[in-house]
Each structure stands twice: as C-alpha cells, then as structure tokens.
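Asker: got a structure for you, letters missing:
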C-alpha cells in the first residue's frame, strides 16, 4: 500500500473532493465509513468479493495500476462495472500510458497517470486501435475482428 499513500483524496467527475480509505480500513470499519461518503482504494491483491454487497455505500473506487505487469485491475474493473453494476466512478490510479485503452475497455471511467507520464498526449493511447480480437466491457467503437 505504500505506493498509493499519496492518494488520500481524489476529485470526482462533479469536481468534488472525495476522501479515500484503504481496502483494509473499509473492511475493518465498514459500519462507520459507509455513512461518510468515502472512496475506496483497491490494490490488485484485494479480494473485491468481500465488498460486493457493500457497493452502494462506496462513493467511488480507485483501482491501483502501478504494477504494469499485473492485470488483476482489469478483472476488478470488469466485475465492478459490468457484472455487479457498480454505478459509481471507477478511477484507475497510477496508470501507465500503455494501459489506458485496456483500462477503458474493462470498465474504468477515468484515470490518473503516473507522474512520469503527465503532460504526454494521451489520445494515441486511449483511441490508438480501430479493431480488437476479443469482446470487452467497453469496446469503445472498436470493430470486433476474428
């Protein structure tokens, strides 16, 4: 969790500041935190099945994509957005440029790039492909090719 300590709050789509808690804090203090309108930071190794029945109490979810080689965040985003119909924002934090299109296709509603990538042209990375070889939560206008 040290990699995401600097994310104590995020700005949501309505430009409101949402305080964030860690997954472990949420699990341990659900009764109190569920009444405060906080967001939740989820790391790749957090078991999101533990919060499946609590999603209506979570203001927004920040999925950590810091480890480029770890694809569990894509599965978490898909489960939350498509399978469990989480209606809040799902923000990919610590994002790498090369992950953006995959993040969006899996159900991420917005992202926050790692500091090293800030200022780069993100368009090529969010809309860089015109077709795909597999279905996804959000194909974002891509032509499905087999």
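Answerer: Arrived safely, thanks for sending. Quick caveat: nothing in here was measured; it's all calculated off a predicted structure.

Asker: Going by C-alpha atoms from here, please, whenever you check contacts or count neighbours.
Answerer: Will do.

Asker: and the residue lying closest to residue 22 once chain neighbours are set aside, what does it touch?
Answerer: Among residues not flanking residue 22 along the chain, residue 41 sits closest, at 5.0 Å (C-alpha to C-alpha, 6 or more residues apart in numbering). By C-alpha atoms under 8 Å, 6 or more residues apart in numbering, residue 41 lies in contact with 20, 21, 22, 23, 61, 62, 63, 64.

Asker: what about residue 41, which helix or strand?
Answerer: Assessed by DSSP states H and E, residue 41 sits inside strand 39-42.

Asker: Residue 62 too?
Answerer: Using DSSP H and E, residue 62 falls within strand 60-64.

Asker: what sits up against that strand?
Answerer: By C-alpha under 8 Å, 6+ apart, the surrounding residues in contact with strand 60-64 are 4, 12, 18, 38-44, 73, 77, 88-95.

Asker: Now intersect those residues with the strands, please.
Answerer: Using DSSP state E, the subset of the contacts of strand 60-64 located in strands is 18, 39, 40, 41, 42, 89, 90, 91, 92, 93, 94, 95.

Asker: And the buried ones among those, selectable in ChimeraX?
Answerer: Isolation of the buried members of the ones in strands among the contacts of strand 60-64 (16 or more other C-alpha atoms under 10 Å) is achieved in ChimeraX through the command below:
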select :18,39,40,41,42,89,90,91,92,93,94,95
